[in-house]
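J.: Need the 3D shape of this:
(2 chains)
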There are 2 protein chains.
Amino acid sequence: MRCEVVAVGTELLLGQIVDTNSSWIGEQLATVGIDSFFQTKVGDNHARIKEALELALSRADAVVVCGGLGPTQDDLTREVIADVMGVELVFDEAIADRIRAMFGRRGRDMPENNLRQALVPAGASAIAEQPGTAPGLVCPVGDKVIYAVPGVPWEMQQMVEGTILADLTRRAGVNAIIHSRVLRTWGSSESGLAELLAPEIDRLDRAAGVTLAFLASGIEGLKIRITVKADTEEEADRLLDEEDARVRQIIGDIVFGVDDDTMEASLLRELGSRGLTLGVAESLTGGLIAARIVDVPGASASFRGAVVSYASDVKFDLLGVPEGPVVSEAAAIAMAEGACRVLRTDCAVAATGVAGPDEQEGQRVGTVWLATVVDGEAEVQHMLLPFDRPRIRQFACISVLNMLRQRLIHRHPGSGG
Amino acid sequence: MRCEVVAVGTELLLGQIVDTNSSWIGEQLATVGIDSFFQTKVGDNHARIKEALELALSRADAVVVCGGLGPTQDDLTREVIADVMGVELVFDEAIADRIRAMFGRRGRDMPENNLRQALVPAGASAIAEQPGTAPGLVCPVGDKVIYAVPGVPWEMQQMVEGTILADLTRRAGVNAIIHSRVLRTWGSSESGLAELLAPEIDRLDRAAGVTLAFLASGIEGLKIRITVKADTEEEADRLLDEEDARVRQIIGDIVFGVDDDTMEASLLRELGSRGLTLGVAESLTGGLIAARIVDVPGASASFRGAVVSYASDVKFDLLGVPEGPVVSEAAAIAMAEGACRVLRTDCAVAATGVAGPDEQEGQRVGTVWLATVVDGEAEVQHMLLPFDRPRIRQFACISVLNMLRQRLIHRHPGSGG
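T.: Coordinates of the predicted model:
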């Protein structure tokens, strides 16, 4: 079973938007065992979109076409698919009602041209998930299929996860169940992990049905993907669990989560199971630590708040940091202690440093001090990060969260408080 | 003159690396007036790379192929190009010397397989720029050309900027300059903007050389791209400026920036030009507003800090919010006033509301109260957002920044304080 991806939009060719959708879709296809040999970007032009779709259909069994489903004259995907199918566009009342209802809920009038989005090629059906005004479409073309999804990533992703992957594997008619799980790690290099896991990868090469792969994911640490192939769901889950346990035994506590687990979700679990509350004091990260924490639903069970002390005198006045250099061990500790006191929490994390562009207090760009407090006791860590401004901040953020996570695991073994 | 881009690498199809190279190359081609109608990603497979190159050559005058020039057996681009040209690979002593010298300078022995990188298709020439071990190649195919560049972004970029763009424009023999500018807007729907601008788009359709296009960019508002074609740089800039002014006259103050400008950068400019300082109090956005602001280099000129009052009693204790419902007009105003007082700033923004997953104080998920303070005077705005948790927070964040931006523009006309 082969599936190509065609991304539509002149802005993609002009480099005004980077096409992350195709990459994301490619990753999803790979995990369910669908081959994807070509991915194409094409502009908002009827003849060329048609050429791209027909070529993709000639080489593959299915095509996901992404973008060009908006309400404007530029949005040609619906018309081109009808052309490729050799059918007319028909007005779908049910879709029109959905779009009207959506504007209604937002308390806004629907502009007339949004009804263009209710036109579908005859014989196509709407995808059940429709988070925005653009409906996704399943369009049969002979015994092949074109899936049309919007270019807005979160709308597209819901449709791929909710409908398209299941439809593809059903069409593939494969009985093998393919499952995968990603172990997320923080604190090792790719080559370090590869060395640690080399014997296990050798062992798996001689067995069947289980593979390991490394996925770099930039500033968010390294991922190890375990993929298993089995005859039943139960067997697949058993193989996954076994390999998961084996890998963790080899690489230890650098695994902070699985699949879409984030460092902050992992930390909140450790806090929650111990009934501990968390406060944050941040300077160079400027709110990023707090923002990541509250991104986790249910964060309020442990997280009480943060003081973003960007100006030095906010550190002195509000957090009680002693006057003096603020990119320092002493300031980091005082910030974390101040957060515990001001926000009345059991634990705190704090970050101060120089994100650039300019050095500060004679300290180099990339200088970072991180501190944690647990039960009144502070620990501190120093880093010199060879990155640019956004990456220094991201790296500091995830590092200090991991620092507290590891302290909690080692100071409070088991789940007791 | 048309030039396609082919990106080579199985990791691109699997989504392990996002193909930013093609986007970057597309942007460079557009600025020198070369059309690029298709971009293709293909895996490390001889037959399929060949198919992609031949198809691209059949549709265009030139092809930039990116990746697959490394020293390993996986790196097939050199061989495939030789195959497409119908020639043999020959060993290029000059390139081999360059690679040996490069290892010498790094004090390392050259592994033998790096000499694979000195094999070039007969008739091809090396690109002068060679920042890494992989040489770039200019490969004539009849009267067309394939440029091969490495997948490492900074190596590729030096070759494109140093050699390829000039070679392409020389081959094109055209002097047309194409420039584009993106106007970023907040506060209108795509179809609303399209309706407003329809007469202008009609007018442009009848003229030559200027086009408008809409680009949705998810939660970050809508973009309007102006593209102009002219004989000289000066003429292009003049046309851009004229159309920019015309569009702004039609759609008004919803334009907050151009090109890569963000809302927060735009707000910081307004604050900076008036010598005003900013504080933030946030609840449902949990640090996101502050994090976005400090993402702008130089934010410290205006931004002093933030209080993330996630738990209700942090609002009461630290910001002086009166006890009572915290998802309310009164709480939003008190938070903004509290931020001004506690952080000692001229202006403040505040956001409180329900991001979900559960309702709070009987208020629906998506209920948001935003407040701004300028010179001691508060204004407040209520929203009911039909989004999921991350989007409610993002939307609240950019909305409250825009609210303050528009207040500053209207209360302080010109650049005076």
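
J.: Would you mind measuring from residue A:103 to residue A:75?
T.: Residue A:103 sits at a distance of 18 Å from residue A:75 (criterion: CB to CB, to the nearest Å). Backbone N, C-alpha and C define where each C-beta goes, glycine included.

J.: Near chain B, which residues of the stretch 301-417 of chain A are found?
T.: Within reach of chain B by CB under 8 Å from any CB of the partner chain, the stretch 301-417 of chain A has these residues: A:303-311, A:314, A:317-318, A:342-344, A:355-357, A:389-390, A:393.

J.: With neighbour numbers in mind, choose between residue A:103 and residue A:75.
T.: residue A:75 (24 against 17; other CB atoms under 10 Å in any protein chain shown).

J.: In three-state terms, how would the residue nearest to that one when sequence neighbours are not counted be classified?
T.: Spatially, and ignoring its direct neighbours in sequence, residue A:75 is nearest to residue A:68 (4.9 Å; CB to CB, 6 or more residues apart in numbering or on different chains). Three-state call for residue A:68 (DSSP: H, G, I helix; E, B strand; the rest coil): coil.

J.: For burial, what's the neighbour tally of residue A:68?
T.: Residue A:68 has 27 nearby residues by other CB under 10 Å.

J.: my guess is it contacts residue A:6, does it?
T.: No. Using CB atoms under 8 Å, residue A:68 is not in contact with residue A:6, being 9.7 Å away.

J.: what residues are shared contacts of these two?
T.: Both residue A:68 and residue A:6 are contacted by residue A:49, under the criterion CB atoms under 8 Å, 6 or more residues apart in numbering or on different chains.

J.: quick one: contacts for the closest residue to chain B within the stretch 101-250 of chain A?
T.: Taking CB to the nearest CB, chain B has its nearest neighbour within the stretch 101-250 of chain A at residue A:111, 3.7 Å off. The neighbours of residue A:111, taking CB under 8 Å, 6+ apart as the test, are A:71, B:189, B:191-192, B:194-195.

J.: go again using 10 Å as the cut-off
T.: A:71, A:103, B:189-195 (CB atoms under 10 Å, 6 or more residues apart in numbering or on different chains).

J.: would you turn the residues you listed into CSV with secondary structure, pLDDT and distance to residue A:199?
T.: Formatted as CSV, these follow (DSSP: H, G, I helix; E, B strand; the rest coil; pLDDT from 0 to 100; distance: CB to CB, whole Å):
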residue, secondary structure, pLDDT, distance to residue A:199
A:71, coil, 90, 56
A:103, helix, 84, 59
B:189, coil, 79, 57
B:190, helix, 78, 55
B:191, helix, 80, 59
B:192, helix, 86, 61
B:193, helix, 88, 59
B:194, helix, 86, 60
B:195, helix, 89, 65
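
J.: Now stretch A:50-64 - C-alpha only, CSV.
T.: Output of stretch A:50-64 as CSV, limited to C-alpha atoms (Å, rounded to 0.1, in the frame of the first residue of the first chain):
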residue,chain,number,x,y,z
LYS,A,50,-4.4,18.3,-11.4
GLU,A,51,-1.0,17.2,-12.9
ALA,A,52,0.3,16.5,-9.4
LEU,A,53,-2.7,14.6,-8.2
GLU,A,54,-2.9,12.5,-11.4
LEU,A,55,0.8,11.6,-11.2
ALA,A,56,0.5,10.7,-7.5
LEU,A,57,-2.6,8.5,-8.2
SER,A,58,-0.7,6.8,-11.0
ARG,A,59,2.2,5.9,-8.7
ALA,A,60,0.3,5.2,-5.4
ASP,A,61,-3.0,3.7,-4.1
ALA,A,62,-4.0,6.8,-2.2
VAL,A,63,-3.2,10.5,-2.0
VAL,A,64,-3.5,12.9,0.9
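
J.: about what we covered before: dump the contacts of residue A:111 to TSV, plus distance to residue A:278.
T.: Output for the contacts of residue A:111, formatted as TSV (distance: CB to CB, whole Å):
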residue	distance to residue A:278
A:71	44
A:103	40
B:189	39
B:190	40
B:191	44
B:192	42
B:193	43
B:194	46
B:195	48
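
J.: Type out the PyMOL command that picks the buried ones from these.
T.: Restricted to buried positions by 16 or more other CB atoms under 10 Å in any protein chain shown, the PyMOL selection for those reads:
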select buried, (chain A and resi 71+103) or (chain B and resi 189+190+191+192+193+194)
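
J.: can you give me the helices in the stretch 251-400 of chain A?
T.: All helices of the stretch 251-400 of chain A, identified by DSSP state H, counting those that start in this stretch, fall at A:263-273, A:288-294, A:312-319, A:329-343, A:389-411.

J.: picking up where we left off before, can you tell me which of the contacts of residue A:111 comes closest to residue A:167?
T.: residue A:71 (25.8 Å; CB to CB).

J.: how about the residue nearest the centre of chain A, phi and psi?
T.: Geometric centre of chain A, nearest residue: residue A:260, 6.6 Å, by CA atoms, centre = their mean. Main-chain dihedrals, residue A:260, degrees, to the nearest 10: phi -90, psi 10.

J.: ok, now residue A:83?
T.: phi -60, psi -50.

J.: Contacts only, for it.
T.: A:46-47, A:49-50, A:53-54, A:76, A:89, A:121.

J.: circling back: the residue nearest to residue A:75 contacts residue A:156, correct?
T.: No. The pair residue A:68 / residue A:156 is not scored as a contact, 12.0 Å apart, by CB atoms under 10 Å.

J.: hey, where'd the strands end up in the stretch 151-300 of chain A?
T.: Applying DSSP state E, counting those that start in this stretch to the stretch 151-300 of chain A gives strands spanning A:177-185, A:210-216, A:222-230, A:255-258, A:278-282.

J.: which stretches of chain A have low pLDDT?
T.: A:174-175, A:216-218, A:412-417 (pLDDT under 70).

J.: How is it divided into domains?
T.: Domain assignment of chain A by automatic domain parsing yields the ranges A:3-172, A:177-258, A:263-411.

J.: since we're on residue A:337, how many residues are nearby?
T.: 21.

J.: my read: it touches residue A:380, true?
T.: No. Proximity of residue A:337 to residue A:380 does not meet the contact threshold set by CB under 10 Å, at 11.1 Å.

J.: hey, what's in contact with both of these two?
T.: A:350, A:371.

J.: Now do the contacts for the residue nearest to the centre of chain A.
T.: Counting by CB under 10 Å, 6+ apart, residue A:260 has contacts A:182, A:184.

J.: Please write out the alpha-carbon positions of stretch A:365-373 in PDB.
T.: Below are the C-alpha coordinates for stretch A:365-373, written out as PDB (Å, rounded to 0.1, in the frame of the first residue of the first chain):
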ATOM      1  CA  VAL A 365      25.400  34.600  25.900                       C
ATOM      2  CA  GLY A 366      24.200  31.100  26.800                       C
ATOM      3  CA  THR A 367      25.200  31.300  30.500                       C
ATOM      4  CA  VAL A 368      22.400  29.800  32.500                       C
ATOM      5  CA  TRP A 369      21.800  29.100  36.200                       C
ATOM      6  CA  LEU A 370      19.000  26.700  37.100                       C
ATOM      7  CA  ALA A 371      17.700  26.100  40.700                       C
ATOM      8  CA  THR A 372      15.200  23.800  42.300                       C
ATOM      9  CA  VAL A 373      13.800  23.800  45.800                       C
END
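
J.: That'll do, ta.
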